[in-house]
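here's my sequence, what's the structure:
(chains A, B, C and D)
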2 protein chains.
Amino acid sequence: MPDAPAASTLPEMATREEERELIHEVADAVGALMEFWGFKRVMGRLWTVLYLTGEPLGAAELCERLAISSGAASMTLADLERWGVVKRSRKAGDRREYFEAETDVWKMVSRVLRERELSQIERAVEIFDRARERLLRAVPPGEQARISRMVDRIARLADLARVGRGLLTAMVQQHKVDLAPLVRFTTGRRR
Amino acid sequence: MPDAPAASTLPEMATREEERELIHEVADAVGALMEFWGFKRVMGRLWTVLYLTGEPLGAAELCERLAISSGAASMTLADLERWGVVKRSRKAGDRREYFEAETDVWKMVSRVLRERELSQIERAVEIFDRARERLLRAVPPGEQARISRMVDRIARLADLARVGRGLLTAMVQQHKVDLAPLVRFTTGRRR
DNA sequence: TAATTGCTTCAAAAGATTCTGAAAGTTCCG
DNA sequence: CGGAACTTTCAGAATCTTTTGAAGCAATTA
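Residues are numbered from 1 along each chain as shown, chains lettered A, B, ... in the order given. Reported below is the predicted structural model:
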């Protein structure tokens, strides 16, 4: 098949190119979001290319499509695999590995929320509570007012962190977004 | 008053020091959270010191407490002011400027959500929708299946982004966390 | 088993971000 | 004014992150 009729080939090639271009745009948008969330931009880009392409791609093709080195591809793919958002597969009689995107987007997001955001918040809550406790021991006389204000404020930070934790927990556990139980924390009350 | 009785001074000094230490710990925790959220760590630390201390501090003192240069203090304070989380004030007959923390924590958080997270998501949603539209124009014959799968997937990204947007909008607008209206987006449906 | 192909690792380069400190700029006072 | 006290700015230093590309490893084939 040396040459297909120009009338059909040329338009198709243009479309193909536009498609690539378009995938890139989406990939960059996802990359930006991921970066914003504290991941590496390239993780988002790579996942998106796999996700939108829809079929397994080899490392070499990913390098080409994303303009990254083989090393970067290998490391990024390892990261994505660790986060469970990309799977490896092989084709019979082909020595190369292929990669596919996890397609359950919510599953991905909730995993990240659980393993990253939640543990981060947890850590902070612990520090807040511990600090509050320690402050309350041995309050210097005549400093009660000052110290108790400080304790209150730490408590407010802890409250806020707990609200975040509650939100995330609800989102993550129920696998459906149903957040009614989270209403309590209003605001207004400043100090 | 050359020297207070040791019995009361020494314990107090220890307590003072412990208090500093403690504020530092909390400040570092907040700094870590802020960094996680894409701000500079030092912004979180500085705000926290002001917030917990409770009264206006001068730039020099902040430099000392945080172990940063005057330049860093100046820039960080400018940032914090831009975000509306620190206010300048002056004391009569004192040429220096003093700084106070905004104490309405929710106000701060919601402002950030509104100005940063929301606009970030907005941008992504637009790109997703635009890409989807463009893909649908001039689908190459015999590619309908592939293209429509791609379109679907972009739509799912857009949906997810919209859920995020909805959540944030609800949190931000109501100034009370009441998220019942956000239930719709369930999951399960993969493709 | 040797040769080939593809993957991973990692030291070093490139790039990005954050911090410093001194110079320039302001403000206030005598 | 002139100068002291304080603040801002910004070029360069320091630090942190990401990427490269070549060396080494592992799997497969002839």
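
count the neighbours of the residue of chain A found nearest DNA strand D for me.
Nearest residue of chain A to DNA strand D: A:Gly71, at 2.1 Å (C-beta to the nearest atom of the strand). For every residue, glycine as well, the C-beta is placed using N, CA and C. By other C-beta atoms under 10 Å in any protein chain shown, 9 other residues sit near A:Gly71.

host element of it?
helix A:70-82 (DSSP states H and E).

what distance separates that helix from the middle of the whole chain?
Computed by C-alpha atoms, centre = their mean, to the nearest Å, the chain-centroid distance of helix A:70-82 equals 16 Å.

pairing partners for whatever helix or strand comes next after that helix, with directions?
Moving toward the C-terminus from helix A:70-82, the next helix or strand (DSSP H and E) is strand A:86-90. Strand A:86-90 sits in its sheet next to strand A:97-101 (antiparallel), going by DSSP bridges.

does the partner strand reach DNA strand D?
No: Strand A:97-101 lies out of reach of DNA strand D by C-beta under 7 Å from any atom of the strand, never closer than 9.9 Å.

can you tell me what sits against that strand?
Strand A:97-101 has contacts (C-beta atoms under 8 Å, 6 or more residues apart in numbering or on different chains) with A:47-48, A:50-51, A:55-59, A:62, A:77, A:85-91.

list only buried entries from the residues you listed.
Buried members of the contacts of strand A:97-101, scored by 16 or more other C-beta atoms under 10 Å in any protein chain shown, are A:47-48, A:50-51, A:56-57, A:59, A:62, A:77, A:85-86.

would you turn those residues into TSV with secondary structure?
As requested, the buried ones among the contacts of strand A:97-101 are exported to TSV (DSSP: H, G, I helix; E, B strand; the rest coil):
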residue	secondary structure
A:Trp47	helix
A:Thr48	helix
A:Leu50	helix
A:Tyr51	helix
A:Pro56	coil
A:Leu57	strand
A:Ala59	helix
A:Leu62	helix
A:Leu77	helix
A:Val85	coil
A:Val86	strand
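
format those as TSV; extra columns: distance to DNA strand C and pLDDT.
As requested, those are exported to TSV (distance: C-beta to the nearest atom of the strand, whole Å; pLDDT from 0 to 100):
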residue	distance to DNA strand C	pLDDT
A:Trp47	15	98
A:Thr48	19	98
A:Leu50	14	98
A:Tyr51	19	98
A:Pro56	11	96
A:Leu57	10	97
A:Ala59	4	97
A:Leu62	9	98
A:Leu77	6	98
A:Val85	15	96
A:Val86	11	97
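
between these, which sits nearest B:Arg156?
The closest of these to B:Arg156 turns out to be A:Tyr51 (C-beta to C-beta; 9.1 Å).

mind checking how far the closest residue to the closest one other than its chain neighbours is from A:Gly44?
In space, and not counting its chain neighbours, A:Tyr51 is closest to A:Ala101: 3.9 Å by C-beta to C-beta, 6 or more residues apart in numbering or on different chains. With distances taken as C-beta to C-beta, to the nearest Å, A:Ala101 is found 11 Å from A:Gly44.

close to DNA strand C: what parts of chain A are there?
A:58-60, A:70-71, A:73-75, A:77-78, A:95-97.

what do you get if the cut-off is 6 Å, keeping everything else the same?
Within chain A, the positions lying close to DNA strand C (C-beta under 6 Å from any atom of the strand) are A:58-60, A:70-71, A:74-75, A:77-78, A:95-97.

OK, contacts around A:Glu19?
B:Leu135 are the contacts of A:Glu19 under C-beta under 8 Å, 6+ apart.

now do A:Glu18
A:Glu18 touches B:Arg134, counting by C-beta under 8 Å, 6+ apart.
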